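> Using only what follows, build the 3D model:
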Amino acid sequence: MAMANAANPTVGFVTVCPEVYGAEKSLHALLAHWLRLAGEEGEPVPRLICPQGPVGDLLGQTLGEDSCLSAPMFPMRFSGPQAVRQVPAVFAGQTVLWRRLLQWEPSTIHANGLQALAWLASWLAARGRGRPPVVLHLRDWPRRPGLHRVLLRFADVVVVPSRAMKEAASVFGKPVVGLRNPIFGPNPPPQPSFTPFAERPRLAAVVGQFLPRKGQDLVLSALEQAPEAFADWKFAFFGSSPPCGSNGYARALRQRVESNPRLSASVSFRGYVDDVPWSEVGVLLVPSRCEPYGRVAAEALWHGVPVIASDTGGLRDIVRPGRNGLCFSEGDARALAGECGRLLRGEVPADELIRQGMIDSHRWWAREESGARRLMALHRRLWARKAGHGGRVPR
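Next up, the predicted model:
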């Protein structure tokens, strides 16, 4: 691994979610590409601040102990006695992490999500004009513009993963750079050989944290309203509640399934998994009400799994109706059932969708390194501008 020196500015990455979901997997892939390129003279060297837990274990293995420091950080949502018990450890951990940031003297900072920028806000405010330039990698849909405006005063540039996010973030008056999230990094899993849809398992997967915006309830509504559309297919929900957050939504989903014999016969909850067992999946359903990017859809296409997704947000950059997948109107359970029925009855060319999806996802992966280079160049320009050497920041 490249070490920081006078010619190599250091970029301080900060992420706060302790679990490994899509945004954290994309960060891991980005850092893996970055490390392969950072040995060149003048390339920014990444160092990372992150919470203890699965994400710290994953990213620590990639960066090494000297460049990755993990400690307890504030939960994404304080809730109940568990969060209260965490408060002393969180404050102690925050002090350790802030001191390490000062020791590293990063030339620029990369905040992986709005929560990371919120964690950094008081540290940045204390440094005043002497603070390093900050790149905010906006991972969540800006649903609370007031909060975004308050925190974005600490960001110099906003990076977003999709065209829809770029349009949404443009209202904040900051330079906005569109950069597709990487899927796998420089060493992707082998892409499987093509399997015809008729030979795939009769299992529909729904993957993601249990949150209302992820729309898992729409799948249950579709099953209740149009059971004939799904024949004898089974449904598997992969995911868990947000870390330290309320699990009311997940509990309501489970109760809904348990109270309905038809649902309980066809729906199972598989919990959180590091890697979805794609060989066991016949189709991926992505019923999100809003989605900044939709990494899991790109991952499914790589593995030859057809995708039926909401026509919303960043999913529009991935799932192209009739080309590599199918889409339905956001929030419309009957439309979801209709598209599932068309696919399962053979009314759409499923095998052509699968083949094109595998081609598209391979093309996206081939462009990942160039995306990492663009981001490195952005940090170099910010560093040069702060040092008084010029450097234009793109919009």
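
> which residues touch the residue lying closest to Gly371 once chain neighbours are set aside?
Distance criterion C-beta to C-beta, 6 or more residues apart in numbering; nearest residue to Gly371, sequence neighbours excluded, is Leu179 at 5.4 Å. Glycine gets a C-beta too; all of them are placed from N, C-alpha and C. Leu179 is in contact with 159-161, 371, 374-375, counting by C-beta atoms under 8 Å, 6 or more residues apart in numbering.

> For Ser162, see how far away Leu179 is.
10 Å (C-beta to C-beta, to the nearest Å).

> Check Pro106 too.
For Pro106, the distance to Ser162 - C-beta to C-beta - is 27 Å.

> How about Asp275?
From Asp275 over to Ser162 the distance is 24 Å, taken as C-beta to C-beta.

> more crowded one of these two?
Shown here are Asp275 and Ser162; by other C-beta atoms under 10 Å, Ser162 has more neighbours (22 against 9).

> Identify the residues contacting the more buried one.
Ser162 touches 178, 180, 292-293, 313-314, 316-317, counting by C-beta under 8 Å, 6+ apart.

> Ok, Val96 next?
Residues near Val96 by C-beta under 8 Å, 6+ apart: 69, 71.

> switch to 10 Å and redo it
Shown in contact with Val96 (C-beta atoms under 10 Å, 6 or more residues apart in numbering): 49, 69-72.

> which strands and helices sit next to the helix or strand containing Ile109?
Using DSSP states H and E, Ile109 sits in strand 108-112. Contacts defined by 3 or more C-beta pairs under 10 Å, 6 or more residues apart in numbering; DSSP states H and E place strand 108-112 against strand 10-14, helix 22-37, strand 45-51, helix 114-127, strand 134-137, strand 157-160, helix 368-386.

> nearest to Ala222, of those?
helix 22-37 (23.0 Å; C-beta to C-beta).

> quick one, that closest one and strand 10-14 angle?
With axes from the mean of the first three to the mean of the last three C-alpha atoms, to 10 degrees applied, the angle from helix 22-37 to strand 10-14 works out at 160 degrees.

> Pull helix 22-37 out as PDB, backbone CA atoms only.
C-alpha atoms of helix 22-37 as PDB (Å, rounded to 0.1, in the frame of the first residue of the first chain):
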ATOM      1  CA  GLY A  22     -25.100  -0.800  -0.600                       C
ATOM      2  CA  ALA A  23     -23.400   2.500   0.200                       C
ATOM      3  CA  GLU A  24     -20.700   0.800   2.300                       C
ATOM      4  CA  LYS A  25     -20.100  -1.900  -0.400                       C
ATOM      5  CA  SER A  26     -19.700   0.900  -3.000                       C
ATOM      6  CA  LEU A  27     -17.200   2.700  -0.700                       C
ATOM      7  CA  HIS A  28     -15.300  -0.600  -0.300                       C
ATOM      8  CA  ALA A  29     -15.100  -1.000  -4.100                       C
ATOM      9  CA  LEU A  30     -14.100   2.600  -4.600                       C
ATOM     10  CA  LEU A  31     -11.200   2.300  -2.000                       C
ATOM     11  CA  ALA A  32     -10.000  -0.900  -3.600                       C
ATOM     12  CA  HIS A  33      -9.800   0.900  -7.000                       C
ATOM     13  CA  TRP A  34      -8.200   3.900  -5.300                       C
ATOM     14  CA  LEU A  35      -5.400   1.800  -3.600                       C
ATOM     15  CA  ARG A  36      -4.400   0.300  -7.000                       C
ATOM     16  CA  LEU A  37      -3.900   3.800  -8.400                       C
END
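
> next one: it to chain centre, how far?
Its chain's C-alpha centre and that of helix 22-37 lie 11 Å apart, by C-alpha atoms, centre = their mean, to the nearest Å.

> Show me the shaky parts of this protein.
Within the chain, the stretches with pLDDT under 70 are 1-8, 40-42, 74-87, 89-91, 243-246, 389-395.

> which stretches of it form strands?
In the chain, the strands defined using DSSP state E lie at 10-14, 45-51, 68-71, 108-112, 134-137, 157-160, 176-178, 203-207, 234-238, 267-271, 283-286, 307-310, 326-328.

> I'd like these laid out as JSON lines, including mean neighbour count and distance to Arg143.
Listed next are the strands of the chain as JSON lines, based on neighbours: other C-beta atoms under 10 Å; distance: least, C-beta to C-beta, whole Å:
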{"stretch": "strand 10-14", "mean neighbour count": "25", "distance to Arg143": "22"}
{"stretch": "strand 45-51", "mean neighbour count": "25", "distance to Arg143": "23"}
{"stretch": "strand 68-71", "mean neighbour count": "20", "distance to Arg143": "28"}
{"stretch": "strand 108-112", "mean neighbour count": "27", "distance to Arg143": "18"}
{"stretch": "strand 134-137", "mean neighbour count": "26", "distance to Arg143": "16"}
{"stretch": "strand 157-160", "mean neighbour count": "25", "distance to Arg143": "14"}
{"stretch": "strand 176-178", "mean neighbour count": "19", "distance to Arg143": "17"}
{"stretch": "strand 203-207", "mean neighbour count": "22", "distance to Arg143": "21"}
{"stretch": "strand 234-238", "mean neighbour count": "19", "distance to Arg143": "23"}
{"stretch": "strand 267-271", "mean neighbour count": "15", "distance to Arg143": "26"}
{"stretch": "strand 283-286", "mean neighbour count": "25", "distance to Arg143": "19"}
{"stretch": "strand 307-310", "mean neighbour count": "26", "distance to Arg143": "16"}
{"stretch": "strand 326-328", "mean neighbour count": "23", "distance to Arg143": "22"}
